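Colleague: predicted model, plus sequence, below.
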Amino acid sequence: MFDKVKSAFGYVCELVDAIGDSKLIELKRFLAARIANPESYVVLLGETSSGKSTLLNGLMGNNILYTSVKPATGTIVELCLSESSETAYFVINKNATMEKLSREQFSKLSKSPDSNIARLRLCTQSDLHGLGSLRLFDTPGYGSLVAEHEEVLSDFLPQSDIVIYTVMYKVGIQESDYSFLDYAQELIGNALAERETDFILVINRTPEGVSSGDRRIKEIVGYVADILHHEPKTFIVNTVLTEENEYPLPKSESLWRYVQSTVSSSKRVNRLAQCLFEYVEGLLDSCESFVLERAIPLKLAEEERNIMKKELKKLKAVQIEIKDELIEPTFERLAKLMPSAFSRVRETAYGEICEKIDSDSKLRTEEVTAFINSHLMPFALKNGVDEIKFTIDSELNELDRKIQDKLNTAYADIKSQVELHFNTEAAKLVDGALKKMVGRAAEQSLLNYFQQFAGRGGTGIANGAKHLLKKIGDLFGHTFTRETHNNVAKFLSKIGATSAKAVGVAVVVLLEVIFQVKDIMTWQGKLKKAVDTSLGTWEEEMLQVTLDELDKLKEENIRLVDEQIDELVAVFSAPVDISSGDIEKLQILLDSTKQKMEALKHG
């Protein structure tokens, strides 16, 4: 499959070089690096001091990552394994720059990162061979997550091929684990269900002789499976002491062999190859757009240019209408709905919890509180948030439909004017340019993708097998863009994940109050008051986050509409910077490349 990708890329590279456009050459360079080094992504999660960094130290065979019984990882650390025996340390800043560090600087920043750091990167060799295609990410524990880390983690998790979650045998599943796993489930639940992401549970520091049949092991696995609605693949890392009563580095060879076999499975390899082939097709589309844009000015008569100017002016007016009459009112309406929507969720949850408190007056405070924390409050709030998410999703899908209706009508008007007034050759070129807007969209999407993720110091990660190019396809009768739906899905996942985290905070508030309750005769009233305080904390955070995210989504919708229309305007505003003879040569090479690509695709 990768041979097909490399052959296709070779054909398109020849065309890119003949065109000589700097943007296309940049795309070619980024794509060449990705094809040469396809990578898989593994993210390690777990509560503070659950052994994530120790596990990676064992993989490297060296105590490189800082570990402590106290919270040790203060920032995300990216581990890149290579064949080279040299170990190198880097810091990736939020402005996408990258600097080399000494080991001392790396160690210091891993404990106390400054505000400009996106993550640290460690490049080294592993004693285990065959892991060179992996990029592993050691993350802060849930209790150590600050807002910046949480934002990055919400981007990292959906990109992961594998998530490894670590739990200490003696500690088991704690309240913070419930919150952390709930948070993760919101972000990768669909990927787990569709088997696009694998979830591995590692139970650390288990006594020698303990196996999967152990009661404690079964309890931990059961809790994780219930929260994720997914049975995790489980590995047990036994405690082994040296003669000096120290813990040696865990090799965990079976774990890492499983990781390697999973990411190198034929299913994953084929999916990655298919995605890379899509990228090559996107680059070819961009080349075709370039040729069309240069050919159109050479073929249009003066009258045809004037007609096109008038049509594009109308299209720009539609652009303003979409923003002022569709996007702005929809998001304004949603923003007004949110305070009352979250207030209703809070009131409903409070009523259900108070009913439980009143009906269980004979139970102890600790028993009722435990039930509220582990079941009633999370369940009631999740149901309420799901209803809010459904409302938002419905509104945005309707907005998407209305935007597409307006755009399709505008594009149809342009097409009818072209068919009516343009000569046959010019009409064919313009029609081709309209249909190949996908090329410009793919070019922009691909360039953004590599600049954000795969450049010298890109601040995020992007899994090639999970990232689909934004394709518009034929302009008529199709949904607006795949990116629109991806953005909405990401927004809804973040709202769910934020709620899961906010529930965890609310539980902590509730527990703090309950620990102060001494009078057994008045515990119910005090518990209700504590519940009200906890729900108020949850509501305040959720409302603010949702309003902030809606505002970002509004701007993204406006950007996507502007981008699509501006792309079309650019098609008919390209400079006449090439001769007819050169365009004809490029057209011949383009047609030949397309034929070769089709033969590869269906061969």
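Modeller: Happy to help now that I have it. Numbers count the residues shown, from 1 in each chain.
Colleague: tell me, how many residues neighbour the nearest residue in space to G141 that is not next to it in sequence?
Modeller: Closest residue to G141 apart from its sequence neighbours, by Cβ to Cβ, 6 or more residues apart in numbering: T48 at 3.0 Å. (Each C-beta comes from the backbone N, C-alpha and C, glycine too.) As a burial measure, T48 scores 18 neighbours (other Cβ atoms under 10 Å).
Colleague: where does pLDDT dip in the stretch 351-500 of the chain?
Modeller: 360-370, 373-374, 434-491, 493-494, 496-498, 500 (pLDDT under 70).
Colleague: and F2, how far is that from L399?
Modeller: As judged by Cβ to Cβ, to the nearest Å, F2 and L399 stand 40 Å apart.
Colleague: who has more neighbours out of these two?
Modeller: L399 (22 against 14).
Colleague: pretty sure that one sits against E328.
Modeller: No: L399 is beyond contact range of E328, at 10.6 Å (criterion: Cβ atoms under 8 Å).
Colleague: still on that earlier bit, now the residue nearest to G141. Its backbone dihedrals?
Modeller: phi -50, psi 130 (degrees, to the nearest 10).
Colleague: surely it and T166 touch.
Modeller: No: here T48 does not reach T166: they are 10.7 Å apart, not a contact under Cβ under 8 Å.
Colleague: does K529 lie in a helix or a strand, and which?
Modeller: helix 523-571 (DSSP states H and E).
Colleague: what distance separates that helix from the centre of its chain?
Modeller: In this view, helix 523-571 has its centroid 17 Å away from the chain centroid, taken as Cα atoms, centre = their mean, to the nearest Å.
Colleague: and the next helix or strand past it?
Modeller: helix 580-602.
Colleague: what comes up buried for that following helix?
Modeller: I583, L586, L589, L590, T593, K594, K596, M597, L600 (16 or more other Cβ atoms under 10 Å).
Colleague: go on, stretch 23-38?
Modeller: L24, L27, K28, F30, L31, R34, I35, P38.
Colleague: and stretch 410-421, by the same measure?
Modeller: So for stretch 410-421, counting by 16+ other Cβ under 10 Å, buried means A410, Y411, I414, K415, Q417, V418.
Colleague: format these as a markdown table; extra columns: distance to Q174 and secondary structure.
Modeller: As requested, the buried residues of stretch 410-421 are exported to a markdown table (distance: Cβ to Cβ, whole Å; DSSP: H, G, I helix; E, B strand; the rest coil):
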| residue | distance to Q174 | secondary structure |
| --- | --- | --- |
| A410 | 56 | helix |
| Y411 | 56 | helix |
| I414 | 61 | helix |
| K415 | 62 | helix |
| Q417 | 67 | helix |
| V418 | 66 | helix |
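Colleague: using CSV, lay out these together with distance to E567.
Modeller: Shown next, in CSV, are those (distance: Cβ to Cβ, whole Å):
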residue, distance to E567
A410, 14
Y411, 12
I414, 13
K415, 16
Q417, 19
V418, 17
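Colleague: quick check, nearest of these to V224?
Modeller: Taking Cβ to Cβ as the measure, Y411 is the one of these closest to V224, at 50.0 Å.
Colleague: can you tell me how far the closest one is from A295?
Modeller: On the measure of Cβ to Cβ, Y411 and A295 end up 20 Å apart.
Colleague: repeat for L276
Modeller: Taken as Cβ to Cβ, the span from L276 to A295 is 29 Å.
Colleague: how about A335?
Modeller: 46 Å.
Colleague: same question, P140
Modeller: 54 Å.
Colleague: what about the helices in the stretch 301-450 of the chain?
Modeller: 302-321, 328-359, 365-371, 377-421, 424-435, 437-449 (DSSP state H, counting those that start in this stretch).
Colleague: can you put those in TSV and add distance to A530?
Modeller: Conversion of those to TSV gives the following (distance: least, Cβ to Cβ, whole Å):
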stretch	distance to A530
helix 302-321	51
helix 328-359	10
helix 365-371	9
helix 377-421	11
helix 424-435	62
helix 437-449	47
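Colleague: nearest to F199, out of these?
Modeller: helix 377-421 (19.7 Å).
Colleague: show me what that closest one is packed up against.
Modeller: helix 302-321, helix 328-359, helix 424-435, helix 482-514, helix 523-571 (3 or more Cβ pairs under 8 Å, 6 or more residues apart in numbering; DSSP states H and E).
Colleague: of those helices, which shows the lowest average pLDDT?
Modeller: Sorting the helices and strands packed on helix 377-421 by mean pLDDT places helix 482-514 lowest, at a mean of 60.
Colleague: return the distance of stretch 388-400 from the chain's centre.
Modeller: Using Cα atoms, centre = their mean, the offset of stretch 388-400 from its chain centre is 20 Å.
Colleague: buried set for it?
Modeller: I388, K389, I392, L396, L399, D400.
Colleague: go on, stretch 208-216?
Modeller: Under 16+ other Cβ under 10 Å, the buried positions of stretch 208-216 are V210, D214.
Colleague: ends of it, how far apart?
Modeller: 14 Å (Cα to Cα, to the nearest Å).
Colleague: mean confidence for that stretch?
Modeller: 87.
Colleague: what lies in contact with that stretch?
Modeller: Contact with stretch 208-216 is made by Y169, G172, T206, I217, K218, V221, T234, I236, N238, T239, V240, as judged by Cβ atoms under 8 Å, 6 or more residues apart in numbering.
Colleague: now these as JSON lines including distance to E14 and neighbour count?
Modeller: JSON lines is the format used below for the contacts of stretch 208-216 (distance: Cβ to Cβ, whole Å; neighbours: other Cβ atoms under 10 Å):
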{"residue": "Y169", "distance to E14": "58", "neighbour count": "20"}
{"residue": "G172", "distance to E14": "60", "neighbour count": "14"}
{"residue": "T206", "distance to E14": "57", "neighbour count": "19"}
{"residue": "I217", "distance to E14": "57", "neighbour count": "19"}
{"residue": "K218", "distance to E14": "59", "neighbour count": "12"}
{"residue": "V221", "distance to E14": "54", "neighbour count": "18"}
{"residue": "T234", "distance to E14": "50", "neighbour count": "18"}
{"residue": "I236", "distance to E14": "53", "neighbour count": "19"}
{"residue": "N238", "distance to E14": "56", "neighbour count": "16"}
{"residue": "T239", "distance to E14": "59", "neighbour count": "15"}
{"residue": "V240", "distance to E14": "57", "neighbour count": "11"}
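Colleague: pLDDT of stretch 55-64, averaged?
Modeller: Per-residue scores along stretch 55-64 average to 67.
Colleague: I meant to write stretch 157-167 there.
Modeller: pLDDT averaged over stretch 157-167 gives 86.
Colleague: chain center to that stretch: distance?
Modeller: The answer for stretch 157-167 is 12 Å, by Cα atoms, centre = their mean.
Colleague: mind listing what's buried in that stretch?
Modeller: L157, P158, Q159, S160, D161, I162, V163, I164, Y165, T166, V167.
Colleague: again with stretch 195-211
Modeller: Of the residues in stretch 195-211, those buried (16+ other Cβ under 10 Å) are E196, T197, D198, F199, I200, L201, V202, I203, N204, R205, T206, V210.
Colleague: among these, which lie within strands?
Modeller: D198, F199, I200, L201, V202, I203, N204, R205, T206 (DSSP state E).
Colleague: from the residues you listed, pick the one nearest E281.
Modeller: Nearest to E281 out of those is D198 (Cβ to Cβ; 28.1 Å).
Colleague: what's the nearest residue to that closest one if we skip its chain neighbours?
Modeller: Per Cβ to Cβ, 6+ apart, closest to D198 is I162, 4.7 Å.
Colleague: who are the contact partners of the one you found?
Modeller: So I162 contacts S40, Y41, V42, V43, T197, D198, F199, I200, V259, T262, V263 (Cβ under 8 Å, 6+ apart).
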